[in-house]
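Student: Next one to model:
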Amino acid sequence: MSGNLAYRDDCQEKMREELIGGEVFLMAPASTNHVLVSGNVYSIFGNYLKGKKCVPFMDGVKVFLTEQDHFVPDMMVVCDREKIKPDGVHGAPDLVVEILSPSTMRNDKTRKKEVYAKCGVLEYWIISPGDKAVEQYLLRDGDLVLNSIYVLPPDWMPARMTEKERAEVVTRFKCSLYDDLNIHLEDIFYRTF
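Tutor: Numbers count the residues shown, from 1 in each chain. Got it, this is the predicted structure:
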């Protein structure tokens, strides 16, 4: 790191952190695929929600869930506009999307998922850019329960699959919040490598 104080101050301002169970976690810089997937998911919801009451938020907006839990989801949708304040979202979003990275995977799949459930997030996606997979969890009886896992097979794989195997690969799904929004894995992983 540079000895230049202005540089160090600028870097400290750009360092993002989350509070999980009262413990501060620094957020690692995002990979190229992470940024692409985040932008793609935001675009899907940004276009769909144009002119509607729910608001999509890109990565970087803090959500204040409890005194001990302040997260920065990779994307979220908030339908109760009363929760939206100048410093972030106060209360549970309706949909939260987290994109896995090696340094955040454990928290995204355990501690954060538990808090999201406890606070009433209706739908939670965990996206793995490397696997081109989306885990979709839905709130049921106070717990976020795995609804399904959707995986986009590599380009070479369908040619090696039987017709039955190809028919069983599901690359489109619905967000539980909207009956008329079809999500295509090709759109989520567009331009990723």
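
Student: tell me, which helix in this protein spans the most residues?
Tutor: Longest helix in the chain, counting residues (DSSP state H): helix 32-48.

Student: so after that one, what's the next helix or strand?
Tutor: Proceeding C-terminally, helix 32-48 gives way to strand 55-58 as the next helix or strand, assigned by DSSP states H and E.

Student: List of residues touching the helix or strand just after that next one?
Tutor: Sequence-wise, the next helix or strand beyond strand 55-58 is strand 63-66, with elements assigned using DSSP H and E. Contacts of strand 63-66 with the rest of the structure, by Cβ atoms under 8 Å, 6 or more residues apart in numbering, involve 70-73, 76, 88-93, 96, 115-116, 119. Where you see a C-beta, it was placed from the backbone N, CA and C, and this is true even at glycine.

Student: switch the cut-off to 7 Å
Tutor: Around strand 63-66, the neighbours that count as contacts under Cβ atoms under 7 Å, 6 or more residues apart in numbering are His70, Phe71, Pro73, Met76, Gly88, Val89, His90, Ala92, Pro93, Val115, Cys119.

Student: In ChimeraX, select just the buried ones from the residues you listed.
Tutor: Selecting only the buried entries of these in ChimeraX, with 16 or more other Cβ atoms under 10 Å as the criterion:
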select :70,71,73,76,88,89,92,93,115,119
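
Student: Which of the contacts of strand 63-66 fall within strands?
Tutor: Residues from the contacts of strand 63-66 lying in strands, with DSSP state E as the criterion: His70, Phe71, Met76, Gly88, Val89, His90.

Student: can you tell me how far Arg166 sits from Lys83?
Tutor: Noted for Arg166: a distance of 43 Å to Lys83, by Cβ to Cβ, to the nearest Å.

Student: Over to Ser43?
Tutor: From Ser43 over to Lys83 the distance is 23 Å, taken as Cβ to Cβ.

Student: Out of the ones in strands among the contacts of strand 63-66, flag the one nearest to Met161.
Tutor: Proximity of those to Met161 was ranked by Cβ to Cβ; the top entry is Met76 with 35.1 Å.
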